[in-house]
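Visitor: A predicted structure for the sequence below; I have some questions about it.
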Amino acid sequence: MIRFDNVSKTYPRQSRPALRDVSLDIEKGEFVFLVGSSGSGKSTFMRLILREERASTGAVHVLGKDLARMSNWKVPHMRRQLGTVFQDFRLLPNKTVAQNVAFAQEVIGKPRGEIRKAVPQVLDLVGLGGKEDRMPGELSGGEQQRVAIARAFVNRPMLLIADEPTGNLDPQTSVGIMKLLDRINRTGTTVIMATHDQNIVDQMRKRVIELEKGRLVRDQARGVYGYQH
Ligand SMILES: Nc1ncnc2c1ncn2[C@@H]1O[C@H](COP(=O)(O)OP(=O)(O)OP(=O)(O)O)[C@@H](O)[C@H]1O
């Protein structure tokens, strides 16, 4: 599903690479935690998968495609198969819960009938049945993140990328979000989640990839958080 072959990334005008010689494989259906202190390269890793950035050297393969060889016009098609969730939710504040989720389908040209069916289904799945007509500002942080996850999942992506999805949530709410991501993973969707949340990583015992100053320093099955920050 994802392969990094000796990938390094140095941003323009930076002397130190943000990623250094990273090689790894992530298979379909895996759940992977990406850990490492601030600035270790986690977001860069995710941006390379989304082709928001390009590798300086080495090759990144996503869904069997070499991203360096992918023409720009094909990138949106590739991204449609990836869902993204962020710490700050990134909902459209002037659209209802249902409209936020429907929007993800409208932009890819899904027929109206399908959207009308899929939106309530996915809102039920994330535990927001009955809140379709609320505005994001009327929801708790945990509920807003559920909307964001519904939006990311409604097109049934092969891969869900979550960048600190529990970073703004209290521990109890975070556990609910993790149960939801686990459920989504069980449907066969690969999940990659960057996090600083030690409790979550230690409880879930999934594969843990640790970056330190851009290098991959640990790749552990059923791993733990494993470092002090
Ligand atoms: N657009 C950019 N231009 C220049 N340097 C950048 C850019 N983005 C990131 N960097 C640098 O690359 C390194 C890795 O940053 P990155 O954001 O990938 O780390 P991170 O592990 O995601 O950190 P955090 O946990 O704080 O989100 C840092 O030294 C950072 O300053």
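Guide: Cool, the structure landed. Numbering: from 1, shown residues only.
Visitor: For the chain, what lies in contact range of the ligand?
Guide: 11, 14, 18, 36, 38, 39, 40, 41, 42, 43, 44 (CB under 6 Å from any ligand atom). Placement of C-beta: from N, CA and C, glycine included.
Visitor: Just the buried subset of the residues you listed, please.
Guide: Listed as buried from the residues of the chain next to the ligand are 18, 36, 40, 41, 42, 43, 44; burial here means 16 or more other CB atoms under 10 Å.
Visitor: could you redo these as TSV and give each row secondary structure and pLDDT?
Guide: Formatted as TSV, those follow (DSSP: H, G, I helix; E, B strand; the rest coil; pLDDT from 0 to 100):
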residue	secondary structure	pLDDT
18	coil	98
36	coil	96
40	coil	97
41	coil	97
42	helix	97
43	helix	96
44	helix	97
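Visitor: As a markdown table, those with distance to residue 137 would be great.
Guide: Formatted as a markdown table, these follow (distance: CB to CB, whole Å):
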| residue | distance to residue 137 |
| --- | --- |
| 18 | 35 |
| 36 | 33 |
| 40 | 34 |
| 41 | 34 |
| 42 | 29 |
| 43 | 27 |
| 44 | 32 |
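Visitor: Pull the residues that contact stretch 5-18.
Guide: Identification of contacts with stretch 5-18 by CB atoms under 8 Å, 6 or more residues apart in numbering yields 19-23, 41, 44, 48, 53-61, 213-214.
Visitor: ah, wrong one, I meant stretch 119-133
Guide: 96-98, 101-102, 105, 139, 143, 146-147, 149-150, 153-154, 176, 180, 183.
Visitor: Dihedrals phi and psi, residue 27?
Guide: Backbone torsions for residue 27, taken as degrees, to the nearest 10, come to phi -90, psi 160.
Visitor: if I read this right, it contacts residue 1, doesn't it?
Guide: Yes. With contact defined as CB atoms under 8 Å, residue 27 reaches residue 1; the gap is 5.9 Å.
Visitor: which among the contacts of stretch 5-18 end up buried?
Guide: By 16+ other CB under 10 Å, those give 19, 20, 22, 41, 44, 48, 53, 55, 58, 60, 61, 214 as buried.
Visitor: My reading is that the second one is in a helix; is that accurate?
Guide: No. The assignment for residue 20 is strand, going by DSSP: H, G, I helix; E, B strand; the rest coil, so no helix is present there.
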